[in-house]
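Participant: output the structure for:
(one chain, ligands or ions: 1)
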Amino acid sequence: MTQKVSLIRGDGIGPEIVDATVRVLEELGTGLEWEEVRAGSGAFEDLGTPLPEETLLSIGRNKVALKGPLETPVGTGFRSINVAIRKHFDMYANVRPAKILPGVETRFSETGVDLVTVRENTEGAYAGIEHTIPPNRAAAETIILITRWACERICRYAFEYARRAQRQKVTLVHKANILKETNGLFLEVGQSIAREYDDIEFDDIIVDNMCMQMVRWPEEFDVIVTTNLFGDILSDLAAGLIGGLGLTPGANIGKDASMFEAVHGTAPDIAGEGIANPTALMRAAVMMLEHLELAEEARRMDKALNAVLEEGQYVTRDLGGTANTEEFTKAVVGALR
Ligand code: NAD
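Facilitator: Predicted coordinates:
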């Protein structure tokens, strides 16, 4: 039976990088069938809702989605549609690998960086429990909700992932010295799950210290498991270590549906110019192929991407090159042949 994938082209540079990625996947001959659905600001403008029911139904049916970035208005307006989709399908694990790629010069090219952030994706500071207090927004309150159940689920996922990916260590990042209740619970659960995995090294670290350690000795880290807000920030930090947001993919994994996307946003400053780097979304597509157990196709796509980056002639401007999205994509398609 043909595997259908819900395809969301998204806002800003979304359509440019999604089209580029689909082109490579088509060339690869995966046999995947696309079901295009809408979400984000564009959907809001055209259809009056940023998250049409049909989009949720499609993801529910296909169980796999490939998504371009979606714009979220800052401060006011509709709530993040990314968060809404993740919550709707209980995509509880946000997995973001950050690895120095061949040909990409970074400050850490000698020591290397190869870490994976596993972020709790459904609760914490992003549970959406917030309100302002009148008059005139005199105060505002956001509640950090953390449940034992979700802590257990994400920590177990991190250890299982480490085992599957043959990684050596899990580092739990928290702020349990100050947020004693919520982060204390997360740490306590993580320590208890760690005892079930004596083949994997375990340590924990306070988030502020972690930021400093990550920018000085990123090679020390392997799998990082953390709460929603810290994971959001640390995974962008990790993207910076390996050469920028244009390179880092992300997977939102749930029991019933999973969604693959780039870590970066809609890049409004370069949208429509045809110069966006599609590598992050293409690497997310590689993760999607692995998830669909299309291991050989995943390996071929990964290899082609690495070959183009390593060769360096067709890399995009964010990596110091001169190629546009089209030229980069053509080079990746060429490298597949
Ligand atoms: P951003 O990631 O869109 O951009 C940050 C910087 O990185 C910009 O200078 C941009 O040009 C550059 N950049 C990002 N992706 C790139 C690529 N593929 N190639 C080359 N350069 C790239 O972050 P932002 O400006 O803070 O956010 C813009 C919008 O994106 C906001 O509405 C935000 O809510 C949304 N956003 C969406 C997602 C998502 O859909 N998963 C994630 C993050 C931000």
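
Participant: so the residue of the stretch 151-300 of the chain found nearest the ligand versus residue 82, what's the distance?
Facilitator: Closest approach between the stretch 151-300 of the chain and the ligand, counting by C-beta to the nearest ligand atom: residue 265, at 2.2 Å. C-betas here are computed from N, CA, C, even on glycine. Separation of residue 265 from residue 82 (C-beta to C-beta, to the nearest Å): 9 Å.

Participant: again, but for residue 14
Facilitator: Noted for residue 14: a distance of 12 Å to residue 82, by C-beta to C-beta.

Participant: do the helix-or-strand element of the chain with minimal mean pLDDT and the ligand meet at all?
Facilitator: Least confident helix or strand, the chain: helix 81-88 with a mean of 92, by mean pLDDT, DSSP states H and E. Yes - contact between helix 81-88 and the ligand is present through residue 82 (criterion: C-beta under 6 Å from any ligand atom).

Participant: after that helix comes which helix or strand?
Facilitator: Next helix or strand after helix 81-88 toward the C-terminus (DSSP states H and E): strand 93-99.

Participant: give me the angle between that following strand and helix 81-88.
Facilitator: 130 degrees (axes from the mean of the first three to the mean of the last three C-alpha atoms, to 10 degrees).

Participant: ok, now which ones touch the closest residue to residue 116 other than its chain neighbours?
Facilitator: Among residues not flanking residue 116 along the chain, residue 97 sits closest, at 4.6 Å (C-beta to C-beta, 6 or more residues apart in numbering). Contacts for residue 97 were tallied using C-beta atoms under 8 Å, 6 or more residues apart in numbering; they are 114, 115, 116, 248, 249, 283, 287.

Participant: helix, strand, or coil at the second one?
Facilitator: Classification of residue 115 using DSSP: H, G, I helix; E, B strand; the rest coil returns strand.

Participant: and the one residue sitting closest to the centre of the chain, what are its bridge partners?
Facilitator: Nearest to the mean C-alpha position of the chain, counting by C-alpha atoms, centre = their mean, stands residue 250 at 2.2 Å. In this structure, residue 250 bridges to residue 261 when assessed by DSSP bridges.

Participant: ok, it touching residue 263?
Facilitator: Yes - counting by C-beta atoms under 8 Å, residue 263 is a contact partner of residue 250 at 4.8 Å.

Participant: before we move on, the earlier item: compare residue 14 and residue 82 (neighbour count), which wins?
Facilitator: Legend: neighbour count by other C-beta atoms under 10 Å for residue 14 and residue 82, higher for residue 14 (28 against 24).

Participant: and the nearest residue to that one once chain neighbours are set aside, what does it touch?
Facilitator: The shortest distance from residue 14 to any non-neighbouring residue, by C-beta to C-beta, 6+ apart, is to residue 68 (2.7 Å). Neighbour list for residue 68: 8, 9, 10, 11, 13, 14, 15, 17, 18, 261, 262, 281 [criterion: C-beta under 8 Å, 6+ apart].
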